[in-house]
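In: take this sequence and fold it.
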Amino acid sequence: MNTITKKMSKQEIFALKERVANQIQKESRPQYTFYQIKLRECTITAYTSGKVVFQGKDLDWLAPDTPQQADVYPQAGSDEVGTGDYFGPVVVSATIVEKDQVDVLRSMGIQDSKQINDEKIRQLAPRIKELCPYTILVVSNDKYNQVHQTHNMVDIKCLLHNQAYVNLQQKGYTLPNFLIIDQFVQKSSYYRYLQNQPKVIPDIHFETKAENKYLSVACGSILARNAFLEAWDAMEAKYHFHFEKGAGKQVDLCAQRFVDEFGKSELGHVAKLHFANTKKLK
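Out: Take a look at the predicted model:
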């Protein structure tokens, strides 16, 4: 059992919890702590003093990879959208950015899609597609619910990110030496999830908040978000129904209205059924 202790601000402590939210197996709140959470690889105890203790066999994810600079080009990056939304698909996109595209992309105001409104996303996506090699994977709700019977959310994301890079190769592009994923899982766990895949892209750099540091990840984020919005538009047009984004109380009410109007059997075509929202339906 290894132990690492870090000093973190309150903001960093809760940002850490949000980052690993999909991996939490058990959560408690012992005295003098903000939280104690158990992941597959380790247990994290965050004290109100700012001390954060990591205990587990696999703590490699706490040690940063070989330092890389955001201005290393060419670079390829990927990001996902839709994993926190009850309604709509899961989308992963990967892009390649060359050095001579940097100034143009920066002049367009490329950044993490969560910080750009949907109207701007729709404007930027076609321009990125004209400039950069890219691939987009859209997993419909039907397919997602089927796959989730044997794969958890993290597993699915690992499979999709890997496939996004494989698809770039299959489209005839040469992958750069520097590949980045906005970290949603520990690097060792990522490759463990992929151990039975026929082709695995090696030596990927994992970094938190990568969508704010690397143009390739930011472009992937925007293309993924745009594809998510296009699927959302098609879903609303098919049912002539307004869906709510996210997974909060408004989504609970929206899901109930949908079931009341179309029946629960139709829900699997538009929602991720394993979310807690499903259990709240009457």
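In: the residue positioned nearest the centre of the chain in helix, strand or coil?
Out: Centroid-nearest residue in the chain, with C-alpha atoms, centre = their mean: Glu80, separated by 3.9 Å. Recorded secondary structure, Glu80: strand (DSSP: H, G, I helix; E, B strand; the rest coil).
In: and it, how far from Lys26?
Out: 25 Å (C-beta to C-beta, to the nearest Å). C-betas here are computed from N, CA, C, even on glycine.
In: likewise for Gln183?
Out: 22 Å.
In: more neighbours, the two?
Out: When Gln183 and Lys26 are compared for neighbours, Gln183 comes out ahead with 19 against 9, by other C-beta atoms under 10 Å.
In: local confidence estimate at the residue nearest to that one when sequence neighbours are not counted?
Out: Once flanking residues are discounted, Gln183 sits nearest to Phe206: 4.2 Å by C-beta to C-beta, 6 or more residues apart in numbering. With respect to pLDDT, Phe206 scores 90.
In: quick one: low-confidence parts of the stretch 151-282 of the chain?
Out: Under the criterion pLDDT under 70, no range of the stretch 151-282 of the chain is flagged.
In: quick one: the helices in it?
Out: 153-170, 187-193, 215-239, 249-262, 276-279 (DSSP state H, counting those that start in this stretch).
In: can you say which of those helices is packed in most?
Out: Mean neighbour count (mean count of other C-beta atoms under 10 Å) peaks for helix 215-239 among these, with a mean of 22.
In: tilt between it and helix 249-262?
Out: 40 degrees (axes from the mean of the first three to the mean of the last three C-alpha atoms, to 10 degrees).
In: elements contacting helix 215-239?
Out: strand 75-81, strand 90-97, helix 102-107, helix 118-131, strand 134-139, strand 178-182 (3 or more C-beta pairs under 8 Å, 6 or more residues apart in numbering; DSSP states H and E).
In: just want the angle from the second one to helix 153-170.
Out: Between the axes of strand 90-97 and helix 153-170, defined by the same axes, to 10 degrees, the angle is 40 degrees.
In: can I get strand 90-97 as CSV, trimmed to CA atoms?
Out: The C-alpha atoms that make up strand 90-97 are tabulated as CSV, following Å, rounded to 0.1, in the frame of the first residue of the first chain:
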residue,chain,number,x,y,z
VAL,A,90,-22.0,10.1,-26.1
VAL,A,91,-19.6,11.7,-28.6
VAL,A,92,-15.7,11.6,-28.8
SER,A,93,-13.7,13.5,-31.3
ALA,A,94,-10.0,13.6,-32.1
THR,A,95,-8.1,16.2,-34.2
ILE,A,96,-4.6,16.8,-35.5
VAL,A,97,-3.2,20.3,-35.3
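In: sheet-wise, list the partners of that strand with their directions.
Out: strand 75-81 (antiparallel), strand 134-139 (antiparallel) (DSSP bridges).
In: closest one to Phe258 among those?
Out: strand 134-139 (20.0 Å; C-beta to C-beta).
In: which outside residues touch the very next helix or strand once past the closest one?
Out: Following strand 134-139 in sequence order, the next helix or strand is helix 141-147 (DSSP states H and E). In this structure, residues lying in contact with helix 141-147 by C-beta atoms under 8 Å, 6 or more residues apart in numbering are 87-90, 139, 156, 268-274.
In: which parts of helix 141-147 are buried?
Out: Asn141, Tyr144, Asn145, Val147 (16 or more other C-beta atoms under 10 Å).
In: would CSV of those with pLDDT be doable?
Out: As requested, these are exported to CSV (pLDDT from 0 to 100):
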residue, pLDDT
Asn141, 98
Tyr144, 98
Asn145, 97
Val147, 97
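In: and of the residues you listed, the nearest to Cys219?
Out: Once C-beta to C-beta is applied, the member of the buried residues of helix 141-147 that ends up nearest Cys219 is Tyr144, at 24.0 Å.
In: so for Arg122, which of the helices of the stretch 151-282 of the chain sits nearest?
Out: helix 215-239 (6.2 Å).
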